[in-house]
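Visitor: sequence unknown, structure follows:
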């Protein structure tokens, strides 16, 4: 089994521009089987209610491992995910479970990205495109890849862990992790070059 490794290839404070660059990178691959997913961290009741209203098909969840250990029966349903229409709007309930994450997964490419980018605001969030197929370019030592061919756009964050707030947005290209002989970075570099960009930081695994 192989695993992906991600390389940052673009960073900006403009979320619209970041989305445009990410879409250009997605277009380098074959999108026949591609899907898109979105995810955002919400730290206030007001933000939860705003996203609940704006994305009625989103699922809300907690990612508090200690809370799960304290109460594995999870009476709130928030560890497994609660659909927006079933999520309580009671401020006392919501405030006791912050932060919450809202996600929409496995959607058609082009169906949610623009709306989500306009909604994410100051929150840490992510759009990722999966099930792409990177092209085969043997004369550059780049070989076709499907299982690990992805693009992600991180809002207000620079790392895949989504754990440190920043004031900018980062586009990453994901390729197959091979033998750590430089082939991964060569692949990422070639993909970035196709849209006039370059690798701008160390790999993230």
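Guide: Yep, it's here. Fair warning: this is a prediction, and the values are worked out from it, not measured in the lab.
Visitor: so residue 47 is in which element?
Guide: helix 45-54 (DSSP states H and E).
Visitor: Strand partners (parallel or antiparallel) of the very next helix or strand once past that helix?
Guide: For helix 45-54, the following helix or strand on the C-terminal side (DSSP H and E) is strand 59-61. Sheet pairing of strand 59-61 (DSSP bridges) gives strand 82-83 (antiparallel), strand 100-107 (antiparallel).
Visitor: next helix or strand past the longest one?
Guide: Read it as strand 100-107. Scanning onward from strand 100-107 (DSSP H and E), the first element met is helix 113-119.
Visitor: pLDDT on that following helix, on average?
Guide: The pLDDT scores in helix 113-119 average 97.
Visitor: So what touches whatever helix or strand comes next after it?
Guide: Where DSSP H and E defines the elements, the next helix or strand beyond helix 113-119 is strand 125-130. For strand 125-130, contacts defined as C-beta atoms under 8 Å, 6 or more residues apart in numbering pick out 19, 22, 26, 34-41, 109, 113, 116-117, 150-157, 162. In this view, the C-beta of every residue, glycine as well, is placed from N, C-alpha and C.
Visitor: Relative to strand 125-130, what are the paired strands and their orientations?
Guide: Strands flanking strand 125-130 in the sheet, each with its direction: strand 35-42 (antiparallel), strand 150-155 (antiparallel) (DSSP bridges).
Visitor: what angle do it and helix 45-54 make?
Guide: Orientation check (axes from the mean of the first three to the mean of the last three C-alpha atoms, to 10 degrees): strand 125-130 against helix 45-54 gives 40 degrees.
Visitor: taking the strands paired with strand 125-130 together, which one is wrapped up most tightly?
Guide: Highest mean neighbour count of the strands paired with strand 125-130: strand 150-155, a mean of 25 (counted as mean count of other C-beta atoms under 10 Å).
Visitor: quick one on the thing from earlier: now the strands paired with strand 125-130 in TSV, please, with extra columns for mean pLDDT and distance to residue 142.
Guide: Compiled in TSV, the strands paired with strand 125-130 are given as follows (pLDDT from 0 to 100; distance: least, C-beta to C-beta, whole Å):
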stretch	mean pLDDT	distance to residue 142
strand 35-42	98	23
strand 150-155	98	16
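Visitor: Residue 14 is nearest to which of those?
Guide: Distance to residue 14, taken as C-beta to C-beta, is lowest for strand 150-155 among those, at 11.2 Å.
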